[in-house]
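Visitor: With the sequence up front, the predicted model follows.
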Amino acid sequence: MAANTTARLGALGRAELTLLVRNRTALFVALLMPLSLVLVIRSSLDQVDLGAAGMSVIEAALTGGIGMVLLMVVHTNLVSAYVARREGLVLKRLRTGEPSDREILTGIALPSLALALAQCALLVTGGAALLDVRAPQRPVLLAAGVLLGLVLMTALAAATSAVTRSVDSAQLTTLPMFLVSAMGSGLFAPLQVFPERIASLCELLPLTGVMTLVRAGWLGGGDTKELLGAALTALAWTVISVFAVQRWFRWEPRR
C-alpha cells in the first residue's frame, strides 16, 4: 500500500513539475521573485532600529526571505496550480482513478514544496557562508518552523483556490494573504518594532507563528511560552485551513 502511494505521488509530482517548467510566468515567480524580494526587504529596513530585536538588517532580510519563499513559491504558485488543474478538468479525471483526494492535492504540491525547501536551504547556507550571518542557533527549531510553514501554506493555497474563479484571478485572491503577512507577520520588520497593541494583534496572523519559530531557530532567543504559542497559532491555522479544504474545495470548474 505504501509503495503504491509513493508511486502515485511520484507520478503526480513529475507531471506537475513538467507543467511548472513549461509555465514561464510561474517558474519566474517561483525561482526569482522570492530572492529578489529579499533585497526589497533589506532596503526597507535601512531606517529601522533593529537593536531591540537583537538582529542585523541582513539577518532580518534573510529570515524574512524564508517567509517570502513560503508565500510566493508555495501559496501563490499553488493557488494558480490548483485552479488551473481544476479548470482543465485534470482534478476531475484524477478522482476517477486510484489516487485519493489527499494524494492528488499533495502530488500537485510536491514540486513547489521541493523548490521552496531548496530556496530556504540556499538562504540559510548562503547567508552563513557568504554574508557573515551567524549559523542557525537551533537548527531543529528552524527546520520545524519551515516544515510547518510548508504544510500551512499548502493547506491555505488549497482553501484559497476554492474562492478563485480562474488562474488570472488568482493574482487577486492571493494578494490579501501576501499583504497581510508581509506587513504584519514580521517579514519586513520584526514585531518587536511595532507598538505592543498592534504586535499582539499581528501575533494571531497565519504566518506569524511560523516566522517566530524561524527567527528563533536561526537567530536564537524566544522563551518556551512564546515559542509554544507561536507553534499553536500556526497549527490552529493549519487545522482551520484543512477543514476549509474538506468543506469547500472544488474539484470541478466553477459554473
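Guide: Received it, and whenever you're ready, just let me know what you need.
Visitor: What segments of the stretch 151-255 of the chain are helices?
Guide: In the stretch 151-255 of the chain, the segments counted as helices under DSSP state H, counting those that start in this stretch are 170-173, 175-184, 196-202, 208-219, 224-248.
Visitor: what's the most buried one of those helices?
Guide: helix 208-219 (a mean of 26; mean count of other CB atoms under 10 Å). Just so you know, the C-beta spots here come from the backbone N, C-alpha and C atoms, and that holds for glycine as well.
Visitor: what about that helix, distance to the chain center?
Guide: 13 Å (CA atoms, centre = their mean, to the nearest Å).
Visitor: Just the mean pLDDT for that helix, thanks.
Guide: Helix 208-219 shows a mean pLDDT of 93.
Visitor: Kindly report the same for stretch 157-172.
Guide: 94.
Visitor: how close does R138 sit to R215?
Guide: 11 Å (CB to CB, to the nearest Å).
Visitor: er, L62 actually
Guide: Between L62 and R215 the computed distance is 10 Å (CB to CB).
Visitor: Could you dump the helices of the stretch 151-255 of the chain into CSV with distance to L123 added?
Guide: CSV is the format used below for these (distance: least, CB to CB, whole Å):
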stretch, distance to L123
helix 170-173, 25
helix 175-184, 17
helix 196-202, 23
helix 208-219, 9
helix 224-248, 19
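Visitor: Nearest to P99, out of those?
Guide: Closest to P99 of the helices of the stretch 151-255 of the chain is helix 224-248 (CB to CB; 15.8 Å).
Visitor: Mind giving me the packing neighbours of that closest one?
Guide: helix 139-161, helix 208-219 (3 or more CB pairs under 8 Å, 6 or more residues apart in numbering; DSSP states H and E).
Visitor: Tell me how far that helix lies from the chain's centre.
Guide: Helix 224-248 sits 14 Å away from the centroid of its parent chain (CA atoms, centre = their mean).
Visitor: and the angle for the host helix or strand of S80 with helix 175-184?
Guide: Secondary structure assigned from DSSP states H and E places S80 in helix 77-87. Calculated by axes from the mean of the first three to the mean of the last three CA atoms, to 10 degrees, helix 77-87 forms an angle of 170 degrees with helix 175-184.
Visitor: Check the protein for its longest helix and report it.
Guide: Scanning the chain for the helix with the most residues, using DSSP state H, yields helix 101-130.
Visitor: buried ones in it?
Guide: By neighbour count on 16 or more other CB atoms under 10 Å, the buried set for helix 101-130 is 103-113, 115-117, 119-120, 123-124, 127.
Visitor: quick one: S36 from L204, how far?
Guide: 29 Å.
Visitor: ditto for P195
Guide: Remark: distance between P195 and L204 (CB to CB) = 15 Å.
Visitor: who's more crowded, those two?
Guide: Neighbour totals were compared for P195 and L204, and L204 leads with 12 against 7 (other CB atoms under 10 Å).
Visitor: Next, work out how far apart the residue lying closest to the more buried one once chain neighbours are set aside and L110 are.
Guide: What sits nearest to L204 in space, not counting adjacent residues and going by CB to CB, 6 or more residues apart in numbering, is T233, at 6.5 Å. Counting by CB to CB, the gap from T233 to L110 is 26 Å.
Visitor: Where does pLDDT dip in the stretch 101-250 of the chain?
Guide: For the stretch 101-250 of the chain, applying pLDDT under 70 flags the ranges 130.
Visitor: thought W251 was touching L89?
Guide: No: using CB atoms under 8 Å, W251 is not in contact with L89, being 9.7 Å away.
Visitor: out of the two, which sits in the more crowded spot?
Guide: Between W251 and L89, counted using other CB under 10 Å, the more crowded position is W251 (15 against 12).
Visitor: Just give the closest residue to that one, not the sequence neighbours.
Guide: Computed as CB to CB, 6+ apart, the closest residue to W251 that is not its neighbour in sequence is L91, at 4.8 Å.
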